[in-house]
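Student: Fold the following for me, if possible:
(2 chains)
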Number of protein chains: 2
Amino acid sequence: MRIVLDAFGGDKAPLEIVKGAVAAVKNLSVDITLTGNKSCLEKIFAENSLSLEKIELVHAEDVITMEDDPVKAVRRKTDSSLVIAMKLLAEGKADAFVGATNTGAVLTAATLIVGRVKGVKRPALSPIIPSAKGPFMLIDCGANVECKSEYLIQFAQMGALYMKKILNIQNPRVGLLNNGTEEHKGTALQIETYSKLKESPVNFVGNVEANSLMYGACDVIVTDGYTGNILLKSIEGTSKMIMNALKDMFYSSFSSKLAALILKNKIKSMAKGFDAKEYGGVPLLGISKPVIKAHGSSDAKAIENAIKQAVNFCNSGMIETMEKEFNKTEE
Amino acid sequence: MRIVLDAFGGDKAPLEIVKGAVAAVKNLSVDITLTGNKSCLEKIFAENSLSLEKIELVHAEDVITMEDDPVKAVRRKTDSSLVIAMKLLAEGKADAFVGATNTGAVLTAATLIVGRVKGVKRPALSPIIPSAKGPFMLIDCGANVECKSEYLIQFAQMGALYMKKILNIQNPRVGLLNNGTEEHKGTALQIETYSKLKESPVNFVGNVEANSLMYGACDVIVTDGYTGNILLKSIEGTSKMIMNALKDMFYSSFSSKLAALILKNKIKSMAKGFDAKEYGGVPLLGISKPVIKAHGSSDAKAIENAIKQAVNFCNSGMIETMEKEFNKTEE
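Tutor: As a prediction, the model looks like this:
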C-alpha cells in the first residue's frame, strides 16, 4: 500500500510532514510518496539523518498556501505539490492521500482530479469529534454550504458506513442536528430530511440537539455544511477558551503552580481526551479514493495518525461498499 | 417601578422565585407582583419568615409546565400564572416581566398578549454569552427558525441598541455569524444580509466565525434562530463537558483532591466567568414591554439578577428608542 502526502501542506510543513512519513514507514509498514520541492526535501532528510527507505520523492515546483483561493489555485497551480499528489492518486500510483493543506483546495482538487464515487451527489468533510462518551462523526462541516435533503440522506449513509467500517461501531446511531428533539422542529430542510431518514436503512435516532452531542447522543450527526461549520468551530472555540483559562489559573500564583504540578499527568490526559487530532484527520467522504485532510497545525504525530487512518480506510473496503450501495439506490 | 414575576415558572419554582423577589425588593427598591397559587405563596412567605413588603400576590389557578406545547398552553391555560402575569404587563399594571417559565410559552404569551413594538417584524431571543474578552449578545437563538434578511437587519439594530443602552458598550460591533470571514461566504441568507448590513447604520464588522466569538470578535452576533440555537447549545454542551471532566479529575485521587483544595476559589471564579446566568436572563427583544426569560434552573440569585436586568431595561428608554427607529425605517 502506498500513501501520497503533500509534503508542503500545513503550518509545520515540510519538516513535520517528513518526520510523520518516516514514522509511518517504521510503525505501519506502508510505502510513502512525498510531493514537493525535491532538493529541499532531500536536504531535510540529510540534515535530520532520516531514512528514505520505502519513501519516494516526486518533485513539485509550486505550493498552494492557506491564503490561496481554493478553486483558482487548483486550476492554475498545476505544478503544486497538492495537485501533483492528487494526480498520482487519480492515476492509481497511490492508494490514498493525506495532506494538511488548505481545506478548500484539498476538497476542490479531490473533486476535480480524483472525482466522486459514482452515485454520490456531494462529497462531505466529516471530522471525528471527541465527546464525554467517545467520538462522533459530524457530516458535513463545510464542503456543502447549501444542501438538499437528498444530500443529507447520503451523508447519513456515508457517515454510518465509515463509523462501522473504520471505527468498528456496530449499527451506528445517526442523528439529525436540530434545535429541538420533536419531529416538527427545524427549517424546511430538517423537516424533509427527518421524514426521509425515518424511511432510510440507517439506524436513525431522531433529532439531536447540539448539547446532547457531547454526551453521546449519537455516533453520526448529520447537517448541512454551513451549520456543521458553526457547530465545529463553536466546539473548538469553547474548548480552547476554557483550556486557556485553566492554564492562566494554574500560572496565576505559587500555590496554583504547585497544584498544577500535582495534576500534570491528569491534565495532559484530559486535554488528550478532547483533542480531535487523536483521531487522525478529517476524511473527505464520497471521493472515489480515500482522502484525509489533516489539521493545518499537524505535527509529525498527527501526520502519522492521519496516515494510519488512511491505511485503515484503504483496508476497510468502504469505497467498494459505497459503489454498490449508491448505485443500487440510484437505479 | 413594578416587575411582575411568574412565581410558578422554572425548575426551582415557587420557593427560589419568591426568595429572589424578596431579595430584589431589599436590594433594588423595586415593587414586585408574583402570580400563582395565592395560598401556596402565602404559606411559603410564612414558613420562611419572608416579608411581603412591596410585594403583591395575584392568584392564578393554573401552571404552564416545561412539557406543555407553548402555543396550545398559552391559548388554553388562560388562568395560568404566566398568562395572568403577561396580562398584567399588557394592561400597564407592571413595567416588566421576569419568568423562568417554558421558553416557547414566554415567547408566545409575550407576542400574543403584550405584542411587538410597532415596526418590528419578529421578536428575538437574545442571550448574553460570556467569552474570554467579555460578554456578547447572540440574536436570535430560537424564536425564529426560518428568517429573512430583513429580520436579521432588525436583530442587528435591536441587539446593538441593547448592548449600548443596557450594557453601556459604546458603538457595539455587530458581526454576522458565518462559515468564513470573506464577503461571499454562507448561504443565500447570509450573502443578502451581509450586503444589507454594510449599508445599515449599525457598526458592522463583517462575517464572524463561531470560534472567534470566544475571543471578542464582536459585541452582537446576528443569526437565524435555527443556527443560533445550535451555537448556543454547543457552547453550553462543550463547557459543561469540560467542567465535568475537570471535576472528575479533581475527585480522582487523594493528591488531586489536595490540588483542588488549593485551587478552590480560583476554580469558582473561573466557573463564574463562564456562567451566562451572571448576566441575568435572556431578553426577548422586539416586544413592546421588557420581557426577561430567566434560565429554567434559576435559583434566587439568578432571579434577582434577572430582576435587576429588567429594571435596567425599563430605565434605559430602549423601547421608546426602538419605537422611533423602526417607525422611521418603516416610512
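
Student: which residues does the residue most central in space within chain A contact?
Tutor: The centroid of chain A falls nearest to A:Val282 when counting by C-alpha atoms, centre = their mean (0.1 Å). For A:Val282, the contact set (C-beta atoms under 8 Å, 6 or more residues apart in numbering or on different chains) comprises A:103, A:125-128, A:141, A:292-295. The way it works is simple: take the backbone N, C-alpha and C, and place the C-beta from them, glycine included.

Student: Let's have those in CSV, adding secondary structure.
Tutor: Output for these, formatted as CSV (DSSP: H, G, I helix; E, B strand; the rest coil):
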residue, secondary structure
A:Thr103, helix
A:Leu125, strand
A:Ser126, coil
A:Pro127, coil
A:Ile128, strand
A:Cys141, coil
A:Ile292, strand
A:Lys293, strand
A:Ala294, coil
A:His295, coil
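
Student: Closest one of those residues to B:Phe254?
Tutor: A:Ile128 (35.0 Å; C-beta to C-beta).

Student: Tell me how many other residues surround that closest one.
Tutor: Residues near A:Ile128, counting by other C-beta atoms under 10 Å in any protein chain shown, number 20.

Student: wait, isn't it in contact with A:Ile139?
Tutor: No: taking C-beta atoms under 8 Å as the definition, A:Ile128 is not a contact partner of A:Ile139, at 10.1 Å.

Student: Residue numbers of the stretch 1-150 of chain A in contact with chain B?
Tutor: Contact residues (C-beta under 8 Å from any C-beta of the partner chain) of the stretch 1-150 of chain A with chain B: A:131-132, A:142, A:145-146.

Student: Would you write out the PyMOL command that picks the buried residues out of those?
Tutor: Buried residues within the residues of the stretch 1-150 of chain A next to chain B, by 16 or more other C-beta atoms under 10 Å in any protein chain shown, are selected in PyMOL with:
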select buried, chain A and resi 131+132+142+145
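
Student: okay, the residues of the stretch 1-150 of chain A next to chain B in a markdown table with pLDDT and secondary structure next?
Tutor: Output for the residues of the stretch 1-150 of chain A next to chain B, formatted as a markdown table (pLDDT from 0 to 100; DSSP: H, G, I helix; E, B strand; the rest coil):
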| residue | pLDDT | secondary structure |
| --- | --- | --- |
| A:Ser131 | 94 | coil |
| A:Ala132 | 91 | strand |
| A:Gly142 | 93 | coil |
| A:Val145 | 95 | coil |
| A:Glu146 | 94 | coil |
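
Student: Which pair of the residues of the stretch 1-150 of chain A next to chain B spans the longest distance?
Tutor: For the residues of the stretch 1-150 of chain A next to chain B, the farthest-apart pair by C-beta to C-beta is A:Ala132 and A:Glu146; their separation is 32.2 Å.

Student: Going by neighbour count, which residues in whichever strand or helix holds A:Arg75 are buried?
Tutor: If you go by DSSP states H and E, A:Arg75 is part of helix A:70-76. Neighbour counts over helix A:70-76 (16+ other C-beta under 10 Å) mark A:70, A:73-74 as buried.

Student: Make TSV from these and add pLDDT and distance to B:Ser49 to it.
Tutor: As requested, the buried residues of helix A:70-76 are exported to TSV (pLDDT from 0 to 100; distance: C-beta to C-beta, whole Å):
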residue	pLDDT	distance to B:Ser49
A:Pro70	93	69
A:Ala73	95	73
A:Val74	96	75
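
Student: now, which of these sits nearest A:Glu183?
Tutor: Taking C-beta to C-beta as the measure, A:Pro70 is the one of these closest to A:Glu183, at 37.5 Å.

Student: thought that closest one was touching A:Thr111?
Tutor: No: if you go by C-beta under 8 Å, A:Pro70 and A:Thr111 don't touch, sitting 10.4 Å apart.

Student: What is the nearest of the contacts of A:Val282 to B:Pro14?
Tutor: Of these, the one sitting nearest to B:Pro14 (C-beta to C-beta) turns out to be A:Cys141, at 44.2 Å.

Student: For that closest one, list the residues it contacts.
Tutor: A:124-127, A:225, A:228-229, A:231-232, A:282.

Student: what do you get for A:Leu231?
Tutor: A:Leu231 is in contact with A:138, A:141, A:177, A:210, A:221, A:223, B:210, B:230-231, B:234, counting by C-beta under 8 Å, 6+ apart.

Student: Inside strands: which ones of these?
Tutor: A:138, A:177, A:221 (DSSP state E).

Student: for the residue in the stretch 51-200 of chain A positioned nearest to chain B, helix, strand, or coil?
Tutor: Nearest residue of the stretch 51-200 of chain A to chain B (C-beta to the nearest C-beta) works out as A:Asn179 at 3.8 Å. Under the three-state scheme (three-state DSSP), A:Asn179 adopts coil.

Student: Need the contact partners of the following helix or strand past the helix holding A:Arg75.
Tutor: Of the helices and strands lying after helix A:70-76 in sequence (DSSP H and E), the nearest is helix A:81-90. The contact list for helix A:81-90 (C-beta under 8 Å, 6+ apart) reads A:4-9, A:33, A:35-37, A:58, A:60, A:62-64, A:74, A:77, A:94-97, A:99, A:101-102, A:105-106, A:109-110, A:113-115, A:289, A:291.

Student: Among those residues, which lie within helices?
Tutor: Among those, DSSP state H puts A:74, A:105-106, A:109 in helices.

Student: what's the most distant pair in the residues you listed?
Tutor: The most widely separated members of the ones in helices among the contacts of helix A:81-90, counting by C-beta to C-beta, are A:Val74 and A:Val106 (9.2 Å).

Student: Kindly calculate the angle that whichever helix in chain A runs longest makes with helix B:225-250.
Tutor: In chain A, assigned by DSSP H, the helix with the most residues is helix A:225-250. For helix A:225-250 against helix B:225-250, the angle by axes from the mean of the first three to the mean of the last three C-alpha atoms, to 10 degrees is 30 degrees.

Student: what comes up buried for helix A:225-250?
Tutor: Those would be A:225-239, A:241-243, A:245-246, A:249-250, for helix A:225-250 by 16+ other C-beta under 10 Å.

Student: For the helix or strand that that helix is followed by, give me every contacting residue.
Tutor: The element immediately downstream of helix A:225-250 (helix or strand, assigned by DSSP H and E) is helix A:254-273. Residues from elsewhere that reach helix A:254-273 (C-beta under 8 Å, 6+ apart): A:130, A:243, A:246, A:249-251, A:278, B:245-246, B:249, B:252, B:255-256, B:258-260, B:262-263, B:266.
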